[in-house]
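> sequence plus predicted model, see below.
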Amino acid sequence: MAQHATSPDSWIADRIGGPQQKFKEFASAVYAKADALDRKTKELIAVAASSVGRCPHCTDGHLTGAADAGATEEEIAEALAVAWVQGGGTQIAWMADDYAEVLGEDWRQELIGEADRAFWAFEREVFENGALPSVTKHLIAVAVASMLRCPHCTRSHMEAALEAGATREQVAEALAVLWVIGAGVQVVWDKEGFEEHLGAAARV
């Protein structure tokens, strides 16, 4: 696994050490100090958010982190399934008003009805069944939907998480995990490419 951006010997630490150290402190404040969510839940959120952030290094690291925090393979797979369904749902929802203006209010039912019904059956299966509680799945979805820039979806899952028993602090910490992932993937997702162009030897 590649060195994490917070590691003191990561590829970026010897180039922009000040910002790198402050990012490390930021990540620590989210993962180690904030305590409304347990570490396993935070790692499951990070796995899902990293996957939609298209960062293999981040995803790999948080897969290991989730397992180390006690998540089972089924729980990790379900976190990824939440990302899977959100990846589809956000593509339809983030510009819902614009789509409706051009295609009509009921365009999904009228034009692609079978696909629409099949997708929502997929969504129900992910959120209603499995090992992870509903509240955890909605907290994961909050982070993933935010990562995918869908305000409709983010708000919907924030409200669903609260209705399922999450506290405001837990929702805020889910968003904080997303905040770290969203910042971190920018310097980690193409580590090898950055190193090649910066003339650094790979540190693995």
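Nice, I can see it.
> all contacts plus neighbour counts: C-alpha atoms, from now on.
Fine.
> counting neighbours, what do you get for residue 197?
8 (other C-alpha atoms under 10 Å).
> next: residue 35.
14.
> use 54 as the first number from now on
Noted, 54 is the first residue going forward, which turns the last one into residue 88.
> helix, strand, or coil at it?
With DSSP: H, G, I helix; E, B strand; the rest coil as the basis, residue 88 sits in coil.
> dihedrals phi and psi, it?
For residue 88, the backbone dihedrals (degrees, to the nearest 10) come out as phi -130, psi 20.
> residues touching it, list them.
Listed by C-alpha atoms under 8 Å, 6 or more residues apart in numbering, residue 88 has no contact partners.
> could you do residue 80 as well?
59, 233.
> tell me the spacing between residue 123 and residue 96.
Distance, residue 123 to residue 96, using C-alpha to C-alpha, to the nearest Å: 10 Å.
> more neighbours, these two?
Neighbours around residue 123 and residue 96, counted as other C-alpha under 10 Å, are more numerous at residue 96. The numbers are 28 against 13.
> mind checking how far the residue nearest to the more buried one when sequence neighbours are not counted is from residue 160?
Nearest residue to residue 96, sequence neighbours excluded (C-alpha to C-alpha, 6 or more residues apart in numbering): residue 119, at 4.9 Å. Distance of residue 119 to residue 160, given as C-alpha to C-alpha: 40 Å.
> quick check on the two: which one has the bigger neighbour count.
More crowded of residue 119 and residue 160, by other C-alpha under 10 Å: residue 119, with 24 against 15.
> for this structure, just list every one of the helices.
Assigned helices in the chain, in chain order: 70-81, 92-105, 109-121, 126-146, 149-156, 160-164, 166-181, 187-200, 204-216, 221-241, 244-251 (criterion: DSSP state H).
> isn't residue 204 up against residue 148?
No - look at residue 204 against residue 148 with C-alpha atoms under 8 Å: they stay out of range, at 9.5 Å.
> low-confidence ranges in this structure?
Within the chain, the stretches with pLDDT under 70 are 54-57, 64, 239-245, 247-248, 251-257.
> wait, what's in contact with residue 228?
195-196, 199.
> try it again at 6 Å.
By C-alpha atoms under 6 Å, 6 or more residues apart in numbering, the contact set of residue 228 is residue 196.
> same question, the one 10 residues further on
Each residue near residue 238 by C-alpha under 6 Å, 6+ apart is listed here: residue 108.
> where's the residue lying closest to residue 103 once chain neighbours are set aside relative to residue 217, distance?
The shortest distance from residue 103 to any non-neighbouring residue, by C-alpha to C-alpha, 6+ apart, is to residue 112 (5.0 Å). Counting by C-alpha to C-alpha, the gap from residue 112 to residue 217 is 27 Å.
> who has more neighbours out of the two?
Neighbour count, other C-alpha under 10 Å: between residue 112 and residue 217, residue 112 has more, with 23 against 14.
> just checking, that one touches residue 100?
Yes - look at residue 112 against residue 100 with C-alpha atoms under 6 Å: they come within range, at 5.3 Å.
> shared neighbours of these two, anything?
Among the neighbours of residue 112, none is also in contact with residue 100 (C-alpha under 6 Å, 6+ apart).
> so how far is residue 220 from the spatially most central residue of the chain?
With distances taken as C-alpha atoms, centre = their mean, the residue of the chain nearest its centroid is residue 102 (1.4 Å). Applying C-alpha to C-alpha, the value for residue 102 to residue 220 is 20 Å.
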